[in-house]
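[1] compute the structure for the input listed below.
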Amino acid sequence: MTTPAETVTAFCAAWETGDLDDIMAFFADDAVYHNIPVDPLTGPEAIRAMIEMFTTGVERIEFQIRHLAAAGDVVLTERIDVFHRPEGTITLPVMGTFEIRDGRIAAWRDYFDLNQYMAQVTG
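    Now for the predicted structure:
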């Protein structure tokens with residue numbers, strides 16, 4: 001059995017593979033994903049659709065963990081998310097909160113500046 005911190009670390013590392021099935025395997029069946037600037041999503045189908053949307057046209061994504069703190073089943077990450085695209089690289093500072101249940105992500109909330117992301121997309 002892995003610790004919640006190990007689960008989150010493995011989840012963040014899985015993004016570099018680009019294998020959406022591998023990424024989705026980390027989520028509980030009733031998981032909630034909330035990119036704080038937008039509405040929360042519940043369940044694997046909705047979460048997968050959102051991930052597919054923001055990874056379209058992206059060659060590779062890195063979740064670079066700067067700091068990680070865990071207390072019980074809650075894990076906090078300070079990250080730099082790096083989106084490698086043919087047009088250039090987007091870097092985005094992110095604070096993430098993960099709630100782990102039975103070794104899977106039950107809730108994931110990311111806090112970031114959407115305008116900072118959009119400014120890099122439209123460059």
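[2] not counting sequence-adjacent ones, nearest residue to Glu99?
    Ala107 (4.0 Å; CB to CB, 6 or more residues apart in numbering). Using the backbone N, CA and C atoms, a C-beta is placed for each residue, glycine as well.
[3] partner residues bridging that neighbour?
    Val32, Glu99 (DSSP bridges).
[4] how about the helices in this protein?
    Counting by DSSP state H, residue ranges of the helices within the chain are 4-14, 20-24, 44-55, 114-122.
[5] buried residues, the first one. List them.
    By neighbour count, with 16 or more other CB atoms under 10 Å as the criterion, the buried positions of helix 4-14 are 4-5, 7-9, 11-12, 14.
[6] now, which of those sits nearest Ile47?
    Compare each of these with Ile47 using CB to CB and the shortest gap goes to Phe11, at 12.3 Å.
[7] list the contacts of that closest one.
    The contact partners of Phe11, taken as CB atoms under 8 Å, 6 or more residues apart in numbering, are 23, 26, 98, 105.
[8] of the residues you listed, which is the nearest to Thr77?
    Distances from these to Thr77 were compared by CB to CB; the smallest belongs to Phe98, at 7.2 Å.
[9] just give me the neighbour total for the residue nearest to the closest one when sequence neighbours are not counted.
    Residue nearest to Phe98 in three dimensions, not counting chain neighbours: Val75, with 4.5 Å by CB to CB, 6+ apart. Val75 has 24 neighbouring residues, counting by other CB atoms under 10 Å.
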